[in-house]
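K.L.:
need the 3D shape of this:
(2 chains)
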Amino acid sequence: MLDDSKKPLVSVKDLKMHFPIHAGLLRRRVGEVKAVDGVSFDVMEGETLGLVGESGCGKSTCGRAVLRLYDITSGSITIDDREIGAIPQPDLREMRPTMQMVFQDPQASLNPRMTVEDIIKEPLDEHTTGTDAEKREKVGELMDAVGLNRKFAKRYPHAFSGGQRQRIGIARALALNPKFIVCDEPIAALDVSIQAQVVNLLEDLQEQFGLTYLFISHDLSMVRHIATRVAVMYLGKIVELAPREGLYAEPLHPYTKALLSAVPEPDPSLARATERVILKGDVPSPSNPPEGCNFCTRCPSVMDICKRVEPEYREVQPGRFTACHLYNDENGTAG
Amino acid sequence: MTDISAQDQAPEAVEKTRNQWWDVWDQFRSHKGAMAGLIFLTFITLFCAFGPMVWDVDPGKLDIRNKDVRPIYVAIWDGDAKTSWARPMGTDHLGRDIMSNIMQGGRISLAVGWTAMILAILIGTFVGVLSGYFKRLDWGLMRFTDLVLSLPILPLLLVMMLLFRDPLRAAFGPETGIFLLIVAGIGITSWMQTARIVRGDVMALKEREFVLAARSIGTPPRRMITRHILPNVLSPIMVSATLGLATAIITESALSFLGLGFPSDFPTWGKILFDSVDRMTAFPERVLWPGLAISLTVLAVNYIGDGLRDALDPRIRGL
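P.N.:
Below you'll find the predicted structure:
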């Protein structure tokens, strides 16, 4: 199913991002929140990898860690054949034009004291050496590309609607001709009608500029629309990664099954026919994950081994990866 | 017809060629208090700066025969009072002209107030931004701030005066030396509140997504601070600046009162006020005029700060 000739643009191996917890009078380190705990995936050139999961499972942290907006705990990140996992922040600067980000909240991600022109021009000021007039012209082109009227360039972000603000954010991300863009729930804060516009814009831009996306979302139907492959995260780990059609047609991991069964079905007769998997209990705390499989506390098909041994994340069918003992032939005897 | 459509097209290309400072001015003008404050501050500044050129009476000249002259308006209700058109605001117990004293005192008080306030704001903003933005510096800088905050200000100033008065006088002359000493003394003992407020705001701003966005662009910390942090902490800085000016003028008055400030033949608003407190009931005007000058200046600066803060915020400006 996968085109093996395509090389991965982004390759993440065993990425860990732990945030320390300090407590007590002396602010001692008493533990850590394992927001992202050993995540591995590749993003092929030109594809869109959807990253889904419920709130607090570490999707956004994962996206930000991949761009090294955080100093990661361990793991390796290779973008465009350069390892950026461990290099210090100042040295990352020259890599920044290759990788950009579109943020979740378009209101919060734009500086309220800068005009739209200044916001979109900021990456150009940082990384290119043109005259001011050239940069302005480039800003105008970017505004055209994302469907904003050029004459609004001197306005401030608060004067725009949510969808327009998100377009400003997208224009800023595009300014340096990046290869890879992390879209961190770019549509979560928008109205449904605007969501479609923004997603279509993202798709058009992908075609036009040959972009590669890591599309983070909790909206399964939107991911189904835009993604080529989909990774499902639960409690800091990827539980399943598969091509879109396969994942939606035949989910392997019990968590994916439960997640997909929660997507509303517009056809009432079909909706009555489909079985709804309802998970019991809450997500365990990422500072104290359960022993064995992270999902063992809520899994409907839990086995003994799940509570002892952490399942290995491996390729169970061509192009389909999952971390579940149900698909381990030896059923954990190797332990 | 073609001409009309061409004219319609022209403004499409660039909506505003107007400088954004005109918008700031428009918003500022709509704040009535700020405009009143600006007018008063301009008036008092001109009065003190150029008044002595028009009213060239030596403020230090003693004229014992004309001492305790009441202001001219007292003659309206008290025909027997000792008044003189040559001394419209009256004279003090040594016969010095009060009007020229207020002009001369205003020069010093305003200069001390502004310079000390600017110094305190600069130090406070610098310390606040550094400790809010760089986690490594936070502990050290904030404990240093606590340390300065816990020092008793007046004894500290007293020691400073004793230690540095004579060397500074020798180096810069009596007036400039004392001026520098007082400005430095007030400046370095009143930056702590600003530093704390700015630190808190910077820490909150640092977690906002637009700062994260700037980091994903690769903006280095220096430009991150000047481009994203400082413009957004402008409001609290402006508020502490207006309060700081008031405190500086009042602290200078207190110092003069204690005999630690300018020499006794050197009038400042604070000193005129304190010199006159003893005979306040008999000569209320001697307290009234410098007191009014101080409080109205402080009020004017407060309103100007308020208006400026609104005018500099694009959300309030409505653009």
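
K.L.:
only C-alpha atoms from now on, for both contacts and neighbour counts.
P.N.:
Fine.

K.L.:
where does pLDDT dip in the chain?
P.N.:
Picked chain A for this. Low-confidence segments of chain A, defined by pLDDT under 70: A:1-6, A:329-335.

K.L.:
let's do chain B instead
P.N.:
Using pLDDT under 70, chain B drops low at B:1-18, B:257, B:318-319.

K.L.:
what about the residue of it found nearest chain A, how many neighbours?
P.N.:
Here chain B gets closest to chain A at one residue, residue B:210, 3.9 Å apart by Cα to the nearest Cα. Residue B:210 has 23 neighbouring residues, counting by other Cα atoms under 10 Å in any protein chain shown.

K.L.:
excluding its backbone neighbours, what's nearest it?
P.N.:
Nearest non-adjacent residue to residue B:210, counting by Cα to Cα, 6 or more residues apart in numbering or on different chains: residue A:109, 3.9 Å away.

K.L.:
OK, contacts around that neighbour?
P.N.:
When contacts are counted by Cα atoms under 8 Å, 6 or more residues apart in numbering or on different chains, residue A:109 touches A:103, A:169, B:208, B:209, B:210, B:211, B:212, B:213.

K.L.:
out of those residues, which are buried?
P.N.:
A:103, A:169, B:209, B:210, B:211, B:212, B:213 (16 or more other Cα atoms under 10 Å in any protein chain shown).

K.L.:
let's see which of those residues end up in strands.
P.N.:
Under the assignment DSSP state E, these contribute nothing to strands.

K.L.:
surely residue A:31 is within a helix?
P.N.:
No: using DSSP: H, G, I helix; E, B strand; the rest coil, the assignment for residue A:31 is strand, not a helix.

K.L.:
right, and it touches residue A:287 too?
P.N.:
Yes: here residue A:31 reaches residue A:287: they are 6.9 Å apart, a contact under Cα atoms under 8 Å.

K.L.:
quick one: what helix or strand has the residue in the stretch 51-200 of chain A that chain B sits nearest to in it?
P.N.:
Relative to chain B, the nearest point of the stretch 51-200 of chain A is residue A:109 (3.9 Å; Cα to the nearest Cα). Using DSSP states H and E, residue A:109 sits in no helix or strand.

K.L.:
longest helix anywhere in chain A?
P.N.:
helix A:192-209 (DSSP state H).

K.L.:
and the contacts of that one?
P.N.:
A:46, A:145, A:146, A:163, A:166, A:167, A:177, A:187, A:188, A:211, A:212, A:226.

K.L.:
list buried residues within those.
P.N.:
A:46, A:145, A:146, A:163, A:166, A:167, A:187, A:188, A:211, A:212, A:226.

K.L.:
centroid residue for chain B?
P.N.:
The C-alpha lying nearest the average C-alpha coordinate of chain B belongs to residue B:245 (Cα atoms, centre = their mean; 3.1 Å).

K.L.:
assign that one to helix, strand or coil.
P.N.:
helix.

K.L.:
residues contacting it?
P.N.:
B:113, B:114, B:116, B:117, B:298, B:301.

K.L.:
thought the last one was touching residue B:242?
P.N.:
In other words, residue B:301. Yes: using Cα under 8 Å, residue B:301 is in contact with residue B:242, at 5.8 Å.

K.L.:
in stretch A:256-267, what's buried?
P.N.:
Those buried within stretch A:256-267 under the rule 16+ other Cα under 10 Å are A:256, A:257, A:258, A:259, A:260, A:261.

K.L.:
which ones among these also lie next to chain B?
P.N.:
The subset of the buried residues of stretch A:256-267 within reach of chain B, by Cα under 8 Å from any Cα of the partner chain, is empty.

K.L.:
what about residue B:30, neighbour count?
P.N.:
That count, for residue B:30 with other Cα under 10 Å as the rule, works out to 12.

K.L.:
from residue B:241, how far off is it?
P.N.:
22 Å (Cα to Cα, to the nearest Å).

K.L.:
narrow the contacts of residue A:109 to those in helices?
P.N.:
Using DSSP H, these in helices are A:169, B:209, B:210, B:211, B:212, B:213.

K.L.:
OK, contacts around the fifth one?
P.N.:
When the contact criterion is Cα under 8 Å, 6+ apart, the partners of residue B:212 are A:69, A:109, B:206.

K.L.:
can you give me the buried ones in the strand or helix carrying residue B:238?
P.N.:
In this structure, residue B:238 sits in helix B:234-257 according to DSSP H and E. By neighbour count on 16+ other Cα under 10 Å, the buried set for helix B:234-257 is B:234-235, B:237-257.
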